[in-house]
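S.K.: Got a sequence here, can you build the structure:
(one chain, ligands or ions: 1)
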Amino acid sequence: MNALVTQLLEGALNATDRARSKLAENPRARSFVYQIRNRKQFASLRAHDIMLADRVRLDAYEAALRARIRPGDVVVDLGTGTGVLALMAARHARQVHAIEHAPIIEAAKAVARANGVTNIEFHNVHSKAFTLPEPADAIVHEQIGSAVFTEMMVPNIADLRDRVLKPGGQVLPGRIEMFVEPVELRAEHRSPPAWQQRVHGFDFSALRAFAEQQPFDYWYKLYGDLPLERYLTRPEPVVAIDLATARPSDLPNRIAYERPAIADGSLDGFCVYFTARFDDEISFTSAPDAPPTSWQTPFLRVESRPVRAGEIIRLDLRARELANHRTWRWR
Ligand SMILES: C[S@@+](CC[C@H](N)C(=O)[O-])C[C@H]1O[C@@H](n2cnc3c(N)ncnc32)[C@H](O)[C@@H]1O
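M.R.: Numbering: from 1, shown residues only. Purely as a prediction, here's the structure:
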């Protein structure tokens with residue numbers, strides 16, 4: 001490629017990056033861009049395979065809908081996708097309203113038709129544009145990201161709940177707990193950071209400064225199956241959101257704790273997961289030591305260091321927005 005073409009392409013890419021970071025600074029523009037991306041992501045049937053195959057998740061929803069929906073109920077399904085939660089709710093409810101902003105709603109309609117289910121009304125709108133003539137008894141939703149609050153669950157539920165849910169109506173699941181747990185990885189999965197490497201007599205310690213320049217990309221890793229050796233402290237939620245009352249401003253910008261280690265081990269990083277609770281009995285979790293689900297496990301790497309049982313482990317995670325994991329910085 002000649003130098004002029006390279007220069008023009010570089011200029012165009014830099015302009016795109018600048019436009020992207022300008023957009024990211026404006027909350028309204030950011031939410032608009034998020035909506036476009038989300039619609040595109042869930043338009044494809046491929047995105048739904050893995051969710052339909054996740055029986056841990058769907059068995060919990062089925063048990064909760066069976067236990068909590070009564071025959072006269074009106075239920076709203078926020079983000080119906082292939083319609084799976086709406087179909088399960090329709091078995092128990094009088095009427096279900098299934099909202100979906102992506103074109104996948106046509107697939108949900110076809111599935112309902114093929115199963116002879118007639119008490120679901122489909123609405124191809126964003127939840128913020130959805131209105132209902134009669135108040136709803138329950139909202140069912142699954143807008144949980146691998147990094148927990150990253151699919152706009154809290155603003156979307158708060159908006160819909162305040163406009164369409166009866167006083168005392170149910171949000172299913174109603175309680176979302178987020179965990180950020182210090183862990184040791186299995187030894188064969190632990191690799192020293194680039195700057196600790198010695199390769200054929202060469203010293204790479206000069207790379208340390210470069211990791212500082214990539215405060216998110218270098219330190220964040222997403223695992224399909226986290227190679228967990230052990231938790232180093234007793235798991236405890238760092239954020240617990242009650243969706244019956246939550247406001248978007250309830251999501252904290254800082255998560256900090258000091259906890260005693262429960263075992264000797266290597267502190268390799270902090271893993272992020274959730275538990276979604278329908279009531280005291282029914283819940284599901286993306287915890288890495290629980291049966292596998294369709295969620296991945298974000299891993300917040302730190303420079304590995306040995307810890308002794310009883311030693312204090314500290315986490316200090318700051319987030320410009322907890323709902324945007326790219327803004328997270330941690331020590
Ligand atoms: C994680 S998927 C879950 C799909 C389905 N409920 C399930 O459990 O398999 C979330 C779905 O919600 C849709 N969605 C996300 N935000 C929405 C909103 N604010 N209004 C309408 N649909 C939304 C997405 O397009 C996607 O299909």
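S.K.: Tell me which residues touch the residue in the stretch 1-150 of the chain positioned nearest to the ligand, please.
M.R.: Distance from the ligand to each residue of the stretch 1-150 of the chain (C-beta to the nearest ligand atom) is smallest for Gly79, at 2.1 Å. From N, CA and C alone the C-beta is placed, and that goes for glycine too. Residues in contact with Gly79 (C-beta atoms under 8 Å, 6 or more residues apart in numbering) are Phe42, Ile99, Glu100, His101, Ser127, His141, Glu142, Gln143, Asn156.
S.K.: mind redoing it with 7 Å?
M.R.: By C-beta atoms under 7 Å, 6 or more residues apart in numbering, the contact set of Gly79 is Ile99, Glu100, His141, Glu142, Gln143.
S.K.: Next, work out how far apart it and Ile69 are.
M.R.: When distances are taken as C-beta to C-beta, to the nearest Å, Gly79 and Ile69 turn out to be 18 Å apart.
S.K.: cool, Thr6 as well?
M.R.: For Thr6, the distance to Ile69 (C-beta to C-beta) stands at 60 Å.
S.K.: For the two, indicate the residue with more neighbours.
M.R.: Set side by side, Thr6 and Ile69 give different neighbour counts by other C-beta atoms under 10 Å, the larger being at Ile69 (24 against 10).
S.K.: Name the nearest residue to that one, sequence neighbours excluded.
M.R.: His92 (3.9 Å; C-beta to C-beta, 6 or more residues apart in numbering).
S.K.: what do you get for Leu160?
M.R.: Ser127 is the one closest to Leu160 (C-beta to C-beta, 6+ apart), at 5.1 Å.
S.K.: What does the one you found show for phi and psi?
M.R.: With angles defined as degrees, to the nearest 10, Ser127 sits at phi -60, psi -30.
S.K.: can you check the one 3 residues further on too?
M.R.: Torsion angles at Phe130 (phi, psi; degrees, to the nearest 10) stand at phi -90, psi 130.
S.K.: what sits against it?
M.R.: Ile99, His123.
S.K.: What of Thr245?
M.R.: Thr245 neighbours (C-beta under 7 Å, 6+ apart): none.
S.K.: per-residue confidence at the residue of the stretch 201-331 of the chain found nearest the ligand?
M.R.: As assessed by C-beta to the nearest ligand atom, the ligand sits closest to Ser294 within the stretch 201-331 of the chain, at 8.8 Å. pLDDT recorded at Ser294 is 97.
S.K.: From Ile144, how far off is it?
M.R.: From Ser294 across to Ile144, the span is 10 Å (C-beta to C-beta).
S.K.: which of these two has more neighbours?
M.R.: Counting neighbours by other C-beta under 10 Å for Ser294 and for Ile144 shows that Ile144 has the greater number, 21 against 16.
S.K.: do you know how far His123 is from Pro135?
M.R.: The value you get for His123 to Pro135, if C-beta to C-beta is used, is 16 Å.
S.K.: Those two: which is more packed in?
M.R.: Summary of the neighbour comparison: His123 and Pro135, criterion other C-beta under 10 Å, with His123 having more neighbours (19 against 12).
S.K.: right, and the more buried one touches Ile99 too?
M.R.: Yes: between His123 and Ile99 there is a contact under C-beta atoms under 7 Å: 4.9 Å.
S.K.: hang on, the earlier thing: Asp54 is in contact with the residue of the stretch 201-331 of the chain closest to the ligand, correct?
M.R.: Yes: the pair Ser294 and Asp54 passes the contact test of C-beta under 7 Å, sitting 3.9 Å apart.
S.K.: returning to what we had before: could you verify my assumption that the residue nearest to Ile69 touches Arg66?
M.R.: Yes: contact status for His92 versus Arg66: in contact at 6.4 Å, counting by C-beta under 7 Å.
S.K.: The two: who's more crowded?
M.R.: Relative neighbour count places His92 above the other of His92 and Arg66, with 17 against 13, counting by other C-beta under 10 Å.
S.K.: Quick one: residues contacting the more buried one.
M.R.: Residues Leu65, Arg66, Ile69, Pro71 are the ones in contact with His92 under the rule C-beta under 7 Å, 6+ apart.
S.K.: Quick check: it is in a helix.
M.R.: No: counting by DSSP: H, G, I helix; E, B strand; the rest coil, His92 is located in no helix; its state is coil.
S.K.: Return the residues in contact with the most centrally placed residue in the chain.
M.R.: Among the residues of the chain, the one closest to the centroid is Gly145, at 1.4 Å (C-alpha atoms, centre = their mean). Taking C-beta under 7 Å, 6+ apart as the criterion, Gly145 is in contact with Glu151.
S.K.: Distance check, the closest residue to Asp225 other than its chain neighbours against Thr131.
M.R.: Here the nearest residue to Asp225 in space, its sequence neighbours aside, is Pro292; by C-beta to C-beta, 6+ apart that works out to 6.9 Å. If you measure Pro292 against Thr131 using C-beta to C-beta, the figure is 39 Å.
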